[in-house]
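> below is the structure, and that's it, no one-letter string:
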């Protein structure tokens, strides 16, 4: 039977390396979680109507709380009605400011997306800020009721349809902003125009990365289409944030899933820190008129060339119109 002294003699030489590793992780944790300054000015959202998808938890919930604190009228578009009710209570417990409106939205379903769009067109005078935040990761291959791969439908196509259908409301605002929440994983994404629906080959990780690339391309194309209007469109990465996005796992690799849930969880930012760039892009006065840009950590960042490919972006837009049923862009 091995004694403590025996174990110490065998593994003691690794203790300094373990200590160095722990210190490094602590430093990285502080760096990853160090948030940039939250907007200090008050009432920046007063008089504004803000639509945010995926407000049940994570970045969406944190952003909704901040928008409410800034006296905004916040429309929470959520898939799960019961969770949405809890979200309203959570926001109200956090702040007694702002006005909260709960709406149902299942981005996988085009009928649900269109129902929300029609509801908003019939009930809202204007929308000042739209935050396309909802997303999924790690889903196995499956098609929606509309025949679209689920990750692409939820992360990109649903938002594409919703945004185009309510542009009329955004144009009624004196200064509207559309915020598209993407990810730095766009770098790994690729738009395969001959197999956008991933029928020939599928990887859940690739599907996620490609949907985030599609988000950026959508924002860039839309910003050009809206030149000369009161509507600005920007995309962003919130950073490495501790949310339930990985609740379905990381799909293809159990090792990556394990590392994500352990070491990754240790390094992640809080949802509040992750939401800072969202709130910055939505409300900061210095960004008035700024459109077609990409942000991270509340700063403009350059995109890789493949995200700026105008020809592929235009063809992706046309493909999304084809996937959509009876919408005009």
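Alright, I've got the coordinates. Computed from a predicted model, the values in this text were never measured in an experiment. Residues are numbered from 1 along each chain as shown.
> run through the strands of this protein in chain order.
Listed in chain order, the strands of the chain (DSSP state E) span 49-53, 73-78, 99-104, 129-132, 176-181, 231-237, 294-296, 299-300.
> rounded to a whole number, what's the mean pLDDT of the longest one?
The average pLDDT within strand 231-237 is 98.
> can you give the strand pairings for that strand, parallel or anti for each?
In the sheet, strand 231-237 lines up against strand 176-181 (parallel), strand 294-296 (parallel) (DSSP bridges).
> please identify the deepest-packed of the strands of the chain.
strand 129-132 (a mean of 29; mean count of other CB atoms under 10 Å). Yep, even glycine has a C-beta here, placed from its N, CA and C like the rest.
> and that one, how far out from the chain middle?
Taking CA atoms, centre = their mean, to the nearest Å, one finds the center of strand 129-132 at 10 Å from the center of the full chain.
> tabulate the strands of the chain (CSV), appending distance to residue 167.
Supplementary listing: these in CSV, determined by distance: least, CB to CB, whole Å:
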stretch, distance to residue 167
strand 49-53, 12
strand 73-78, 16
strand 99-104, 18
strand 129-132, 9
strand 176-181, 9
strand 231-237, 7
strand 294-296, 21
strand 299-300, 24
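> and residue 306, which of these is closest to it?
strand 294-296 (13.1 Å; CB to CB).
> go through stretch 201-211 and flag the buried ones.
Of the residues in stretch 201-211, 202, 204-211 count as buried by neighbour count, 16 or more other CB atoms under 10 Å.
> next one: stretch 80-91
84, 87-88, 90-91.
> from what I see, residue 274 and residue 237 are in contact.
No: counting by CB atoms under 8 Å, residue 274 sits too far from residue 237 to count as a contact (9.5 Å).
> rewinding a little: let's have the strands paired with strand 231-237 in a markdown table, adding distance to residue 103.
A markdown table is the format used below for the strands paired with strand 231-237 (distance: least, CB to CB, whole Å):
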| stretch | distance to residue 103 |
| --- | --- |
| strand 176-181 | 17 |
| strand 294-296 | 26 |
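> so for stretch 285-298, mean pLDDT?
96.
> do the same with stretch 201-216
In this model, stretch 201-216 has an average pLDDT of 95.
> how about stretch 141-155?
The model assigns stretch 141-155 a mean pLDDT of 96.
> quick one: contacts of stretch 188-196?
Identification of contacts with stretch 188-196 by CB atoms under 8 Å, 6 or more residues apart in numbering yields 152, 198, 201, 205-206, 209-214, 217, 306, 312, 315-316, 319, 323.
> nearest to residue 283, of the strands paired with strand 231-237?
Comparing the strands paired with strand 231-237 under CB to CB, the one sitting nearest is strand 176-181, at 8.4 Å.
> so what pairs up with the nearest residue to residue 88 once chain neighbours are set aside in the strands?
Ranked by CB to CB, 6 or more residues apart in numbering and with sequence neighbours excluded, the top spatial neighbour of residue 88 is residue 100, at 5.2 Å. For residue 100, the beta-bridge partners are residue 74 (DSSP bridges).
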